[in-house]
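Novice: With the sequence up front, the predicted model follows.
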Amino acid sequence: MGNCCERAGNFFGPQKNTNVRVSLPAVCFVWQIAMIILFGVFIRYDDESDVRLWIQHKLDHNITSDIENDFYFRYPSFQDVHVMIFVGFGFLMTFLKRYSFGGVGFNFLIAAFGLQWALLMQGWFHSLDLTTGKISIGVESLINADFCCAGSLIAFGALLGKVSPVQLLVVTLFGVTLFAVEEYIILSLLHCRDAGGSMVIHAFGGYYGLAISWVLYRPNLHLSKRLNGSVYHSDVFAMIGTLFLWMFWPSFNSAITDHGDGQHRAAINTYLALASSVLTTVAISSMSQKKGKLDMVHIQNATLAGGVAMGTAAEFMITPYGSLIVGFCTGIISTFGYLFVTPFLERVLKLQDTCGVHNLHAVPGMLGGFIGAIVAAAATEEVYSREGAFVLQCSVTKSENLVINCCFFVLPSFANRSVGTQGGFQAAGTCVSIAFGLVGGAIVGFILRFPIWGDPADDNCYDDEVYWEVPEDEETLPPVLEYNNHMIHKHQDISESNFSVEQS
Amino acid sequence: MGNCCERAGNFFGPQKNTNVRVSLPAVCFVWQIAMIILFGVFIRYDDESDVRLWIQHKLDHNITSDIENDFYFRYPSFQDVHVMIFVGFGFLMTFLKRYSFGGVGFNFLIAAFGLQWALLMQGWFHSLDLTTGKISIGVESLINADFCCAGSLIAFGALLGKVSPVQLLVVTLFGVTLFAVEEYIILSLLHCRDAGGSMVIHAFGGYYGLAISWVLYRPNLHLSKRLNGSVYHSDVFAMIGTLFLWMFWPSFNSAITDHGDGQHRAAINTYLALASSVLTTVAISSMSQKKGKLDMVHIQNATLAGGVAMGTAAEFMITPYGSLIVGFCTGIISTFGYLFVTPFLERVLKLQDTCGVHNLHAVPGMLGGFIGAIVAAAATEEVYSREGAFVLQCSVTKSENLVINCCFFVLPSFANRSVGTQGGFQAAGTCVSIAFGLVGGAIVGFILRFPIWGDPADDNCYDDEVYWEVPEDEETLPPVLEYNNHMIHKHQDISESNFSVEQS
Amino acid sequence: MGNCCERAGNFFGPQKNTNVRVSLPAVCFVWQIAMIILFGVFIRYDDESDVRLWIQHKLDHNITSDIENDFYFRYPSFQDVHVMIFVGFGFLMTFLKRYSFGGVGFNFLIAAFGLQWALLMQGWFHSLDLTTGKISIGVESLINADFCCAGSLIAFGALLGKVSPVQLLVVTLFGVTLFAVEEYIILSLLHCRDAGGSMVIHAFGGYYGLAISWVLYRPNLHLSKRLNGSVYHSDVFAMIGTLFLWMFWPSFNSAITDHGDGQHRAAINTYLALASSVLTTVAISSMSQKKGKLDMVHIQNATLAGGVAMGTAAEFMITPYGSLIVGFCTGIISTFGYLFVTPFLERVLKLQDTCGVHNLHAVPGMLGGFIGAIVAAAATEEVYSREGAFVLQCSVTKSENLVINCCFFVLPSFANRSVGTQGGFQAAGTCVSIAFGLVGGAIVGFILRFPIWGDPADDNCYDDEVYWEVPEDEETLPPVLEYNNHMIHKHQDISESNFSVEQS
């Protein structure tokens, strides 16, 4: 334990300054102003959201009706993803008994900043028009920006309760930047497919958060142990997050897939994998406890593992029963993670992972990447095309993008590769995302160890009192009786006692 | 009371074994593996979600654009229905003070299993291709699977707090099976219309749950009386469920209606009926209490009765004011049910109905079936077609499905019947659904009385402690003071007293 | 303080009759029956939801497919707006420690009544067919009805906890009526554009509520001070409302915009303004408190100001960075409002504004109106059209609505005005909405001062006990221990003490 004390102890004394009255407003203002300037220089409406470009677009593409605007075919998915980012991730992190404000509130803050920065970063890498120097944004950009935030929100899960909001904004700034780079490498250079982001979102975000948390190891975190747990109602709040994530995950994995059968299939596959995860999570959770009692931590988290693991393969022809198998296995693996791996990581690797993102995002995301690799490598023309003749027709017209697109939807990104090669590249992409997460996270972790960020002391973690004006909770004290008027006289002895919240 | 003791007393002793550590994992694993095998044998993507079938489908139907995939016209409705099933039903059942985990968690479990089984059962009855022996699934199948789960979730409402998760999975297995059979009889053999499922979902599900609960009567349930009620915050949680059900009910009743005016009208009619229900529910609730105080039980439930009762008639030309009248009456009937019928059923019929599904689903569902019968019987060609000449044109081309479909949208299922005959068949369908619910529920109830399911003792109902690891709720005890640091010293006398949760 | 006592004191004695057992059911029944009669006389399905009209519509417009029904292009937006009205506004008002039932429940009641009355009022003003004397409704009418309710729900925010449900229904009856009139003046007579309702919804609703609250001033409201605040979990509930409002605000501002680029752009602009609001709200909130702690009141409310302020300008070519600037400024202004203006209003103007609608709706709505005026006045043909030649073509074909519509989307409502004149009219529209709010609110306030409405006494405000059957909250009292069986014996001394909730 010597080196870990060393890791954290050299910077921080026991009494820490958690005052963020200067740093938090300064960061918010400066960064928001920077966003405004950069948006002014770079960001414009795209063909489908600009008045005159849309007129031209309709002329160019022989579109006669405004209802063919892509808005109508992406926006419902966008809103589902949006709910996952803000309500799903936000409420999932309200499970701690006294960190619900921080869970949902900081999630809100960093997603609101992250999506702006993501529009810029992803724009520079993916849609910068080199002639005009401008980035065009539309509804698909908004979905991608929300996706990009998800990486940093996953990292937040590992850090929950142990860092200051300023640190979280730093995590987001670097998280979004790293995300855009690794996404560019994986999707544009390696030509991988990753519609739902098993690799680029979950594996990256999970390992990014774990690496930061490892560097920020707190040897005396047990001093905050009393607050590192849930109460009855905070667990119910967390179920709001779980369910909105679970329900809308089919939209997440299909949101930016190609229109038509691809998007349709991605939703079905994800729906099935998630359903399967629920049953195996319940099974393992029940097996692990005396008398077979279920653990809310598992139900809140491991039930989602099927969605994470289908992120890459959802758009492929993985078959409905293949989806069920993916959910089956990842539900088991994720629950085992909560039971055995998280305690092991904390004890042996000195890795404190508040929400267990290792089990919900890092490992299932990595598995999802490899599942995608296997399914891509197993792709056959019999499955993706109708019959021999049709395949022939496809290969004849290979140079014409449209027809290939029809006959074998993954070919455009497979370029001139065999399916086996593509599988290899998919696996390589997974490794790239993990490497980016680990290395990037370690660097960001060291940055966050400078004693300037206002993070809480080891005995002061998981506590909203540090960064929030918390209402005095009369309700939990006997003087609550005062508004049950009919009782007040019966308990005068108590009202007159030390429980003088009313007077304070 | 003799016979009721007999009904329940012969099997169960006072000390019951609620250990589900073997049975729950076993059922989850075996059934999930069975699902995987059956999906492998039977389930395939349909024309719009399979790569090569979609290409062929576009060629066959002269479709040029991927955005004409039915995904875009069903998926938003699907997601609304999905939210109703998981958040709506789930949170509606969090109202009990110490059964919120069970309410939302078991709802999650049985819906996740039920939808898989429903895809198979409904597939065998409705979309099995006899040539290939395969079932094709697409987004509409997912909606139907969610609908099918709803029947079992309604039954769960009657059983809430009194059964084990293993029993709930059995209820779901049989519930989905019975649902698929009665739906086949009502829709495919009797040619009834039931877009929103007043008959096949609500009347069936309600009576199914009531019959099970009647067989499982617990004579000493009063021993758990202390937990059979809400607390302040659990009532607010339940309102999340109520509101998501209420808001998305127009999507529920229109989700599988024919595209075009039918779907549009179903949403409008349901919206109006629900609004009307709210006002009459408030009126009756207020009238029934001294000083006119409102009862949360009524607001949480009876406000939804208008949606249930519009399930069959929503797609018909019931007129906007007709919809208001339906909501008006069912709001009153449902609230009266909570006030008088539920206590009567418990006292006289020995029927314990935790959520009052009798008043929200069984009776309004039955009424909805009969309202549908009346509206169908009253259908005239003046209403459903434009003018005499046009009607003539319709009858001339009666053999061509498409044109009839235009001129009189209900005709295809009316076959060669008069509207009066159709009305009779609609009424018969309602009776079939009730009969299936009652008989099926009684049989399932007897199966559930074998002493192998791990259900709780009479003095141990409505309690999450039985099947869940419940966090120790420090917050509700004085030691909560410990993190209001400024107070701790004032109350030392208390901290030193018996309230030693911290130490336990 | 003399005049304010006078304002409120002459009607009300200290002991008030809050019994609404006659008045509430009477109002609900009579008004609902009136709705049924008026719907019977006036309301019919429109071209896209009536069987025969839809057939004719398809013939008239050469539509071949049912999926071109406007239902598919408005309904997802409608559902988002619907969620904002019922869950968004409803849960935002659950923040008070003991008024959560009233917050979410009365919101439910008045919206359910308001939307029916809105369909009639807006129908008479906007879509009454003078030949047939009928109003046609479709999905766009439902969105408008929800919008119309929003005005009254905003007013409810100012009155929260201080009025009876009967008074709230009166507020809604007049609020919807006034809304329909001012909307008619602003949109149809002044030809203003106000897609997201900065003027007609937020400025009107905010000032309407403030004027009512001013007239209903309660000099002794400090007697209820103990209940005018939040507890930990009620603040988390309120975040559900905040987040659903925040996430779906892009749908709100784009829901009734013209199809195509307009709707697309409105969503993007609102999304950006909201993101920007979050950062400046956090900054100001942190700056204002010792140690930089955040205040939940600000996070719950001021983060939404960007959406309110973009209500008018969202569909314009305000540019992405323009949207960020709007959110930046209104986040600051709104948070300052909560810090300084609300206390000032209460102290100096004797204006009690429970939710601070002044800072979230009134001022940002007014600003939104003026921002819209400025952006309209700054509209140039270079921005809204492609190039000089195209502009020429536009002006040549000015008489043909379609082409103008293409080249300069705001022209149709600008009529023959210059952009400067249009800007002036937009500003005038804002003033009209404020005037309607203030004058209408004052009149309604005086009506509500008659001593017949059952409103609570000054020492009885913010309390659900007055109008709701509130469950006895065992959970917060020591006897809660009883279901922690293993503890019960340790605390026998306490169980036997005065804390005898069980027995009462």
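Specialist: Cool, the structure landed.

Novice: which ones are touching A:W453?
Specialist: A:S23, A:V163, A:S164, A:V166, A:Q167, A:V170 (Cβ atoms under 8 Å, 6 or more residues apart in numbering or on different chains). Any C-beta I mention is one placed from the backbone N, CA and C, and that applies to glycine too.

Novice: What distance do you get for the third one to chain B?
Specialist: Applying Cβ to the nearest Cβ, to the nearest Å, one obtains 19 Å for the distance of A:S164 from chain B.

Novice: do the same with the last one
Specialist: According to Cβ to the nearest Cβ, A:V170 stands 28 Å off from chain B.

Novice: Which secondary structure elements does the helix or strand hosting A:T172 sit against?
Specialist: Using DSSP states H and E, A:T172 maps to helix A:165-183. Helices and strands touching helix A:165-183, by 3 or more Cβ pairs under 8 Å, 6 or more residues apart in numbering or on different chains; DSSP states H and E, are helix A:23-42, helix A:100-122, helix A:139-159, helix A:204-215, helix A:419-448.

Novice: need those helices in JSON lines with mean neighbour count, mean pLDDT and distance to chain B, can you?
Specialist: Converted to JSON lines, the helices and strands packed on helix A:165-183 look like this (neighbours: other Cβ atoms under 10 Å in any protein chain shown; pLDDT from 0 to 100; distance: least, Cβ to the nearest Cβ, whole Å):
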{"stretch": "helix A:23-42", "mean neighbour count": "19", "mean pLDDT": "97", "distance to chain B": "23"}
{"stretch": "helix A:100-122", "mean neighbour count": "27", "mean pLDDT": "98", "distance to chain B": "11"}
{"stretch": "helix A:139-159", "mean neighbour count": "27", "mean pLDDT": "97", "distance to chain B": "14"}
{"stretch": "helix A:204-215", "mean neighbour count": "29", "mean pLDDT": "98", "distance to chain B": "23"}
{"stretch": "helix A:419-448", "mean neighbour count": "21", "mean pLDDT": "95", "distance to chain B": "14"}
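
Novice: Those: which one's closest to B:I256?
Specialist: B:I256 lies closest to helix A:139-159 among these, at 27.1 Å (Cβ to Cβ).

Novice: how far off helix A:100-122 does the closest one point, in degrees?
Specialist: 130 degrees (axes from the mean of the first three to the mean of the last three Cα atoms, to 10 degrees).

Novice: could you check the angle helix A:419-448 makes with helix A:139-159?
Specialist: 60 degrees.

Novice: Helix A:139-159 vs helix A:204-215, what angle?
Specialist: Using the same axes, to 10 degrees: helix A:139-159 against helix A:204-215 is 30 degrees.

Novice: gap between helix A:139-159 and the chain center?
Specialist: 5 Å (Cα atoms, centre = their mean, to the nearest Å).

Novice: Which neighbouring elements make contact with it?
Specialist: When contacts are defined as 3+ Cβ pairs under 8 Å, 6+ apart, helix A:139-159 packs onto helix A:71-83, helix A:89-92, helix A:100-122, helix A:165-183, helix A:204-215, helix A:357, helix C:261-287.

Novice: Can you add distance to C:I137 and give the ones you listed back as TSV?
Specialist: What follows is those, written out as TSV (distance: least, Cβ to Cβ, whole Å):
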stretch	distance to C:I137
helix A:71-83	22
helix A:89-92	36
helix A:100-122	37
helix A:165-183	45
helix A:204-215	46
helix A:357	48
helix C:261-287	21
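
Novice: of all the ones you listed, which lies closest to A:M35?
Specialist: Between the helices and strands packed on helix A:139-159, helix A:100-122 lies closest to A:M35; by Cβ to Cβ that is 4.7 Å.

Novice: which helices and strands sit right next to the closest one?
Specialist: Helix A:100-122 packs on helix A:23-42, helix A:89-92, strand A:134-137, helix A:139-159, helix A:165-183, helix C:232-254, helix C:261-287, helix C:296-301, going by 3+ Cβ pairs under 8 Å, 6+ apart.

Novice: Can you lay out the ones you listed as CSV showing distance to A:P364?
Specialist: Shown next, in CSV, are these (distance: least, Cβ to Cβ, whole Å):
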stretch, distance to A:P364
helix A:23-42, 32
helix A:89-92, 15
strand A:134-137, 31
helix A:139-159, 11
helix A:165-183, 18
helix C:232-254, 26
helix C:261-287, 29
helix C:296-301, 32
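
Novice: A:Y208 contacts A:G175, doesn't it?
Specialist: Yes: applying Cβ atoms under 8 Å as the test, A:Y208 and A:G175 come out as touching, 6.1 Å apart.

Novice: Find residues that contact each of those two.
Specialist: Contacts common to A:Y208 and A:G175, judged by Cβ under 8 Å, 6+ apart, are A:G151, A:S152, A:A155, A:G440, A:V444.

Novice: and which of those residues is nearest to A:M199?
Specialist: Nearest member of those to A:M199, counting by Cβ to Cβ, is A:G151, at 10.9 Å.
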